[in-house]
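Engineer: structure for this input, please:
(chains A and B)
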Amino acid sequence: MEFSAFLPETIVVAGASILLLLSLIGYRNKKYVNGILAMLIPIIAFIIIAFQAGSVSNLLFVQDGFAQFARGLLSLISLPILLSSFDMFSSDSKRQGEFLFLMLISLSGLMLLCQASSLMIVYLAIEISSIPLYMLAGFRVGSVRSKEAVVKYFLLGAFASAVTIYGMSLVYSTTHTLAFSQLAQHISPTLPGLTGLPIEYAGLIFIFAGLFFKIAAFPFHFWAPDVYEGSPPISTAFISVAPKIGVVVLMARFVGFAIPSALSTGVAWVVMSISAVTMTFGNITAIWQNNVKRIFAYSSIAQVGYILMGVAVIAIHPGTTIAKDGAIGILMYLTAYALMNIAGFSIIKVVESRRGGSSLKNFAGLGKTNPALSIAMVVTLVSLLGIPWTAGFFGKLFVFKSAINASLYWLVILAVVNSAISAFYYFGIVKYMYLKEPDESIEQSGFSDVFSSLSSGICSVGTAVLIMVPGLIPLIEKACRVFGD
Amino acid sequence: MDINNYLLTAVTFLPLLGSLIILLIPKDRHAFLRGFATVFALLTLGLAIFIWTQFDSGMSSSFQLVQKIPWVESIGMFYHLGVDGMSMLLLFLTTLLSVTACLASFSIKERVKEYFSLFLLLETGLIGVFLSLDLVMFYVFWEVVLVPMYFLIAIWGGKKRQYASIKFFIYTLVASLVMLVGILAVYFASPLVANGSGGLTHTFSIVEILKTGGIAANLGAMTLPIFGALLFGFLVKVPSFPFHTWLPDAHVQAPAPISIMLAGVLLKMGGYGIIRIGVGFFKDSAAVTNFWGPVIAMLGVIGVIYGALCALVQKDLKKLVAYTSVNHMGFVLIAIGAYMLTGSNVALQGAVVVMFNHGTTTGLLFLLVGYIYERTHTREISELPGMGGRIPMIAIMLIIASFASIGLPALSGFVGEFLSLQSAFMAVPWWAWAAIVGLIVNAGVMLWMMQRVMFGKAQDKYANLKDASFREFIAAIPQFAFVFFIGLYPMPILSMIANSVVGLV
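Structural biologist: Model prediction:
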């Protein structure tokens, strides 16, 4: 394996470290220089990824098309978040460097996770990405909510990591391997002389529990609403998007390659059940929220439910064209999801800084006072709801298509009912923006939201035109051939 | 490059272009905004008329003016537009009513810019539904209609607009999502076509699926539920009993021009969908024909009777007209059910002609009710006696439109309902008898309504009402032309349907 295979991650880590050092010195226009440097790093990483042959495959790493697409996606979606983060800091802030450093380090961990093919790398990559995330959650200095968020996130996250590694050790205890390709052969449904269930079953359940925690799937979601609400919106944008890309990609690979075929139905049922309850719980709970951040938190939980449908499809029929369909659905949905959520949280950031809060009341009459931002929000919400022509629709289309292909009619019907339920709260926000009168006293002069507005604009336009990006779907399809052709 | 291949693309996206340009116009230039939107609606109508001149109404068994461009070829998704006799008529109806509704929208005073922008976006969605020959495109346009409609009711509607708009939205969203499940199941039962890179793939192409003569064989045991899923999506839009409850709310709360679009065009999406996607795809299945055919017709019969009875007891003029829509769309369903059982041209002609006529007459009725409301600010029938003396022109127009709606011979309503009943007699005679009961009740409803609104002594506060202005008059004239034309000489349209639709269902 050549060093160049990891050049993108290396550049991200090295760049992050340089930024951290730069933040200690004072010079002119520091905020913009640092910010632009930070944005250059993922761009360079992306270019390298785009030109990498990507054929590494050993017991620890696999750089196939699927991993390459996910790494590329991760580096691209970090750009609008970095852009929004300009608004978080005053021009001479020392903390900007820390923020950029943490975010980029987390990004590098997630990029590693996308190409992991061994449980050891999985654990390391998840930890590299998680620890900076805890700190990002606490970046609102002096806010009790933010402190609560970081403590809750850290304690629960550490617990989840412990559970994961415990599960890995159980699996290792009987299989004596951590590599996916060998696990598929060594996790045995029946051992000679064993009457009960083999111990690696327990291990698998613990591993899945830890992964479900990281993507906030029911019943491991409790941290998400509090953390999303307490963290600064720009951190939340990253926390709600990037880890989901990394972990879902990893899960797809894990169920596709590490699970022996005798177990695939069982694992598929676990994922399907979690998917079903996650989307239902997220949607129903979201209806009762009156804070837009919390609505987005529960909406994210629901969206994870839809994405897990794709993972379930891979789990049922690994190594077939149906699995390929599922993987296509996952990548399509993750791309759409990233755009929608970043747009959403950037808009929340703008509303927070102009109107002093993010409850539904703060959105009242936004359609009159800030038409462009409101249109961006409507596009985002319509996309989350899954109405054409937006990216969210095509995400749902491809995921549902793969599930129908796998004959999971009941799950699709449930997802469809859920989509309809979600209209209540997504259009609840629309109702506040367009049908309520604005409270004039609430509007403050906008001073630090230019970049968030810009980034929300970019992401919502991206949501609207994603399907027209030439070559995107063929690229995704090519990336997913590894799952079966 | 043949210019004809681009005609349908042009007519579909011309309103969208207008919608986008309107966003750039300053919002306080109300007169300019109205004029601009009207010009775009007129241009679209002109283009639709031009397309009709290019359309060969004698040509059977193929879609015309087709444009087909690979979109996602690897899964059989194409940008694919085309017309046959049925979609030609509905395209024309859409563009015609858009002009009418646009003229009627001159009375909108608030947020004029957003209104016309959304209105033109709605028109693009509606046109796209009738011209799409790819299931994904069909679904995209189908849903694109929803969002502007929600806003048009929610922002410019009546007192209970928030409730009505979200009810409409969620009701139809559920329906279309269930339909999406059906569409995806149809996809996996569709014939295999080349995927552009040497392999084979299933296809979303309506044309390819119709060519196979039915896909029930591939669906196997899932045939009945899958047809049911598609049907549910369409029945809610029609709307058929028992899924009609969103309609009265949406109609009463929507502003008058939007009621015109809603009743005149939106409801046709349902009937069109059943014919294009439901019936044709499943004609190889005796199970579907024998089970769902009678169910559709029965729902139609119930709709005819129930709609008329509900209309009978309404105190609100607009709600009354809304319920007559349930009645009229029942005739469409009866004809479709009869077509599934007998396969006769008469039934298909009946369904399409009723749809077209209902578009023009109900469009007119809502337009006129809107005129009355703008003058009196009430829709309570009991408040409105003596309008015949106060606003004679509007009253005369209302009488003609009501007679057309009743189905008086020599007016358009008669032709469609006659064909629909005739086809029902050929299939299952008692359907027709039951429907005739509803027809009679409906006639009573309209006559009684006219009696209460036209005659009697007008209240003193309505002494100085102005009669129809030139603009209001112009908005109504084209529909009247069709009411008389189809009533007196229906042959061109009937033969067009017989020739250029039958081979494609």
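Engineer: tell me the contacts of residue B:485?
Structural biologist: Listed by Cβ atoms under 8 Å, 6 or more residues apart in numbering or on different chains, the contact partners of residue B:485 are residue B:412. Every residue, glycine included, has its C-beta placed from N, CA and C.
Engineer: with only the CA atoms kept, save the helix or strand containing it in CSV.
Structural biologist: Using DSSP states H and E, residue B:485 sits in helix B:470-488. Extracted in CSV, the C-alpha atoms of helix B:470-488 (Å, rounded to 0.1, in the frame of the first residue of the first chain):
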residue,chain,number,x,y,z
PHE,B,470,-65.4,43.8,-20.2
ARG,B,471,-62.6,41.8,-18.7
GLU,B,472,-64.9,39.6,-16.7
PHE,B,473,-67.0,39.0,-19.8
ILE,B,474,-63.9,38.1,-22.0
ALA,B,475,-62.8,35.7,-19.3
ALA,B,476,-66.0,33.7,-19.7
ILE,B,477,-66.5,33.7,-23.5
PRO,B,478,-64.2,30.9,-24.6
GLN,B,479,-65.7,28.4,-22.2
PHE,B,480,-69.2,29.3,-23.5
ALA,B,481,-68.0,28.7,-27.0
PHE,B,482,-67.0,25.2,-26.0
VAL,B,483,-70.2,24.7,-24.1
PHE,B,484,-72.2,25.3,-27.3
PHE,B,485,-69.8,23.9,-29.8
ILE,B,486,-69.5,20.5,-28.1
GLY,B,487,-73.2,20.5,-27.3
LEU,B,488,-74.2,21.0,-30.9
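Engineer: the residue most distant from the middle of chain B, which is it?
Structural biologist: For chain B, the largest distance from the centre (Cα atoms, centre = their mean) belongs to residue B:198, which lies 41.2 Å off.
Engineer: need the residues of chain B near chain A, please.
Structural biologist: B:72, B:74-75, B:136, B:139-141, B:143-144, B:146-147, B:150-151, B:154-155, B:162, B:166, B:169-170, B:173-174, B:177-178, B:180-181, B:184-185, B:187-188, B:222 (Cβ under 8 Å from any Cβ of the partner chain).
Engineer: which of those are buried?
Structural biologist: Buried members of the residues of chain B next to chain A, counted by 16 or more other Cβ atoms under 10 Å in any protein chain shown: B:72, B:74-75, B:136, B:139-141, B:143-144, B:146-147, B:150-151, B:154-155, B:162, B:166, B:169-170, B:173-174, B:177-178, B:180-181, B:184-185, B:187, B:222.
Engineer: show me those that map onto strands.
Structural biologist: Judged by DSSP state E, these include residue B:72 as members of strands.
Engineer: so which of the buried ones among the residues of chain B next to chain A sit within helices?
Structural biologist: The helices, defined by DSSP state H, take in B:136, B:139-141, B:143-144, B:146-147, B:150-151, B:154-155, B:162, B:166, B:169-170, B:173-174, B:177-178, B:180-181, B:184-185, B:187 from these.
Engineer: where does the chain have low pLDDT?
Structural biologist: This is for chain A. Scanning chain A for pLDDT under 70 picks out A:1, A:54-55, A:92, A:189-196, A:440-447.
Engineer: correction: the question concerned chain B.
Structural biologist: Ranges of chain B meeting pLDDT under 70: B:1, B:60, B:503, B:505.
Engineer: fine by me, thanks again.
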